[in-house]
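J.: Generate coordinates for the sequence data below:
(one chain, ligands or ions: 2)
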Amino acid sequence: MKSETCVGKATGKPLTEYDSEADAEEGATHAQQRFGRRLIPYACDTCNMWHLAPANRQTPTTKCGYCTGADGRPKDTYRNESEARRRADILRREQGADLRVYTCEYGSGWHLTRGQAQRPRRKGPK
Ligand SMILES: [Zn+2]
Ligand SMILES: [Zn+2]
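T.: Ligands and ions are numbered 1, 2, ... in the order given. Here you go, the predicted structure:
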């Protein structure tokens, strides 16, 4: 099924949509066998279906055992600065997120955090 709402950013063509993660994973397996391309299923916020994204768009992450983000969940950890920056660039393009990279203070790798420029923390009385 081709999506009527979503097009690929790189190709400009309608994305293939899947009803479920399992269907999307099956599609990804086919693509890998036929084209040798590694694709990763993801849930789309726009159409609430599943699409596939090239694996190189994703960056490998692990969860930090020490740090949690603003949502209280473990922060994603990147293996090095360039991977963290690559992810920050993707999020900036896709979400307009202003992110900066920094090293984990517990030495588990690199993290991203929201830039402080957009929402300066005010000191003093409310
Ligand atoms: Zn979509
Ligand atoms: Zn950490």
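J.: How many residues are close by residue 73?
T.: By other CB atoms under 10 Å, the residues close to residue 73 number 9. (C-beta placed from N, C-alpha, C; glycine too.)
J.: if I look at it, how far off is residue 99?
T.: In this view, residue 73 and residue 99 are 16 Å apart by CB to CB, to the nearest Å.
J.: Tell me if I am right that residue 51 is in a strand.
T.: Yes: checked against DSSP: H, G, I helix; E, B strand; the rest coil, residue 51 lies within a strand.
J.: ok, it - contacts?
T.: With contacts defined as CB atoms under 8 Å, 6 or more residues apart in numbering, residue 51 is in contact with 3, 6, 15, 16, 17, 18, 24, 41, 42, 44.
J.: residue contacts, residue 103?
T.: Per CB under 8 Å, 6+ apart, neighbours of residue 103: 109, 110, 111.
J.: how about residue 72, secondary structure?
T.: With three-state DSSP as the basis, residue 72 sits in coil.
J.: Just the pLDDT at it, thanks.
T.: For residue 72, the pLDDT comes out at 91.
J.: Measure how buried it is and give me the count.
T.: A count of nearby residues for residue 72, using other CB under 10 Å, gives 6.
J.: Repeat that for residue 22.
T.: Here the number of neighbours of residue 22 (other CB under 10 Å) works out to 11.
J.: residue boundaries of the strands in the protein?
T.: Applying DSSP state E to the chain gives strands spanning 2-7, 14-16, 39-43, 50-54, 62-68, 74-77, 99-103, 110-114.
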